[in-house]
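# Fold the following for me, if possible:
(one chain, ligands or ions: 1)
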Amino acid sequence: MRWIALILFLLLSSSIWGDNHIFLFHRFDDPRHPSTSVSTKQLRKDFQYLKEHGYRVVSLDYLIHHMNEDKLVAFTIDDGYESFYLHGFKLFREFGYPFTIFIYTEAIDSEYSDFMDWVELRYLAKFGEIAIHSYNHSHLTHLEPIEVMRDTQKAIEIFKKNMGYPPKYYSYPYGEFDKDVRDIIEAFGFDAIFNQSIGAVNSESDIYNLNRIPLLGKYDIRKKLKIRFLPVEWFQPHHYPKDGKLKRVIAKVPENLKRVQLYISGYGWRVVPVDNGIVDIEFQKPIKLKYRLTRLFIRTFDNRWNGNLIVK
Ligand SMILES: [Zn+2]
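Alright, predicted model coming up:
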């Protein structure tokens, strides 16, 4: 009996601790924008690597319904630049890999140069998923709640008119959101919502706040695939401090941890103690935040990550 219990425990714990990765791209083979473009030459090697090392590249739809599995990979592409249609798509087709494009609907609808058009998107929808990335790509945390609501409504309406069905997924412009923005977007009833905070996903992830790992410029996908999921409940900070000074960080982490690493944008990593599953760091000298968008991460020594975001 003990054996059965042990085997069951191992099976269960391995499924709970599965690590899946959602990657984020913007442009493909576009030398005008080296920092947000990836080369398809590099990407071909990455795709080959995934194929040879037991990763399964799946649609977001599959992923969000099988979060308890392991080594799933999903690819997402934000904004809707023409370079995917011109360069990236061919490679995805060659490998038979699905993808999801999050479009900034104003750019598509107003036919901004450098973006795909509706005809191209309707064609791509045969091979991948099309979803939304707001109407006009604003910093949502700077808008009034009613404006966030209108922007999202408009994005959905225009999408429906041109694609013939409502979008299933949403990704935040610039990956920026706070609790208020999140509540508004969530109320629209999307199947899942995506951020840009680095991290893996599994069955413990919040389906309305799924981590994606950006692949930009020069990167090493093997390193990104080593990032594992860490459950963390962030208590503080919840908001960007009014005086721009971070005084305290409080978070709940798994109880077996004794020390973790804490990252703050502009200040890098530091090792901090954990007391009975609680990280509670009060800074003797408050930390003067350097950026409007500040990321905090907690990382274990075996590369499990969880992030928190505060935006001014
Ligand atoms: Zn974007």
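
# Need the pLDDT of the residue in the stretch 101-250 of the chain that the ion sits nearest to.
Residue nearest to the ion within the stretch 101-250 of the chain (CB to the ion): residue 173, separated by 5.0 Å. Just so you know, the C-beta spots here come from the backbone N, C-alpha and C atoms, and that holds for glycine as well. We have a pLDDT of 97 for residue 173.

# wait, isn't it in contact with residue 133?
Yes. Using CB atoms under 8 Å, residue 173 is in contact with residue 133, at 6.1 Å.

# which neighbours do these two share?
Residues touching both residue 173 and residue 133 (CB atoms under 8 Å, 6 or more residues apart in numbering): residue 104.

# Low-confidence regions, the stretch 101-250 of the chain specifically.
The stretch 101-250 of the chain contains no residues with pLDDT under 70.

# show me where it has helices.
105-109, 118-124, 145-163, 179-186, 221-225 (DSSP state H, counting those that start in this stretch).

# Determine the set of other helices and strands touching the longest one.
With contacts defined as 3 or more CB pairs under 8 Å, 6 or more residues apart in numbering; DSSP states H and E, the secondary structure elements packing on helix 145-163 are helix 105-109, helix 118-124, strand 129-132, helix 179-186.

# So which of those is the most surrounded?
For these, the largest average neighbour count (mean count of other CB atoms under 10 Å) is found in strand 129-132, namely a mean of 23.

# how about a markdown table for the helices of the stretch 101-250 of the chain, with distance to residue 29 added?
A markdown table is the format used below for the helices of the stretch 101-250 of the chain (distance: least, CB to CB, whole Å):
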| stretch | distance to residue 29 |
| --- | --- |
| helix 105-109 | 20 |
| helix 118-124 | 17 |
| helix 145-163 | 26 |
| helix 179-186 | 32 |
| helix 221-225 | 17 |
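
# Now do the end-to-end distance for stretch 136-155.
With CA to CA, to the nearest Å as the measure, the ends of stretch 136-155 fall 8 Å from one another.

# any residues touching it, and which ones?
The contact list for stretch 136-155 (CB under 8 Å, 6+ apart) reads 79, 104-107, 132, 134-135, 167, 170, 172-174, 176-178, 180-181, 184-185, 188, 311-312.

# Can you point out the buried residues in it?
Buried residues in stretch 136-155, counted by 16 or more other CB atoms under 10 Å: 137, 138, 139, 140, 141, 143, 148, 151, 152, 154, 155.

# Determine which two of those residues are furthest apart.
141 and 154 (18.4 Å; CB to CB).

# okay but residue 43 is in contact with residue 88, surely?
Yes. Between residue 43 and residue 88 there is a contact under CB under 8 Å: 7.5 Å.

# which one of those two has more residues nearby?
Neighbours were counted for residue 43 and for residue 88 using other CB atoms under 10 Å; residue 88 has more, 24 against 21.

# coming back round to it: list the residues that contact both of residue 43 and residue 88?
Taking CB under 8 Å, 6+ apart as the contact rule, residue 43 and residue 88 both touch residue 28.

# What ranges does the stretch 151-300 of the chain have for its strands?
For the stretch 151-300 of the chain, applying DSSP state E, counting those that start in this stretch gives strands covering 169-171, 192-194, 213-214, 228-229, 233-236, 245-252, 259-264, 268-273, 278-288, 293-299.

# Over to the stretch 1-150 of the chain?
21-25, 27-28, 37-38, 56-57, 72-79, 100-103, 129-132.

# possible to save those as TSV with distance to the ion?
Output for the strands of the stretch 1-150 of the chain, formatted as TSV (distance: least, CB to the ion, whole Å):
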stretch	distance to the ion
strand 21-25	9
strand 27-28	11
strand 37-38	14
strand 56-57	22
strand 72-79	4
strand 100-103	7
strand 129-132	11
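
# Just name the most buried of those strands.
Comparing the strands of the stretch 1-150 of the chain by mean count of other CB under 10 Å gives strand 100-103 as most buried, with a mean of 26.

# Can you add distance to residue 113 and give the strands of the stretch 1-150 of the chain back as TSV?
Output for these, formatted as TSV (distance: least, CB to CB, whole Å):
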stretch	distance to residue 113
strand 21-25	20
strand 27-28	14
strand 37-38	16
strand 56-57	31
strand 72-79	13
strand 100-103	15
strand 129-132	20
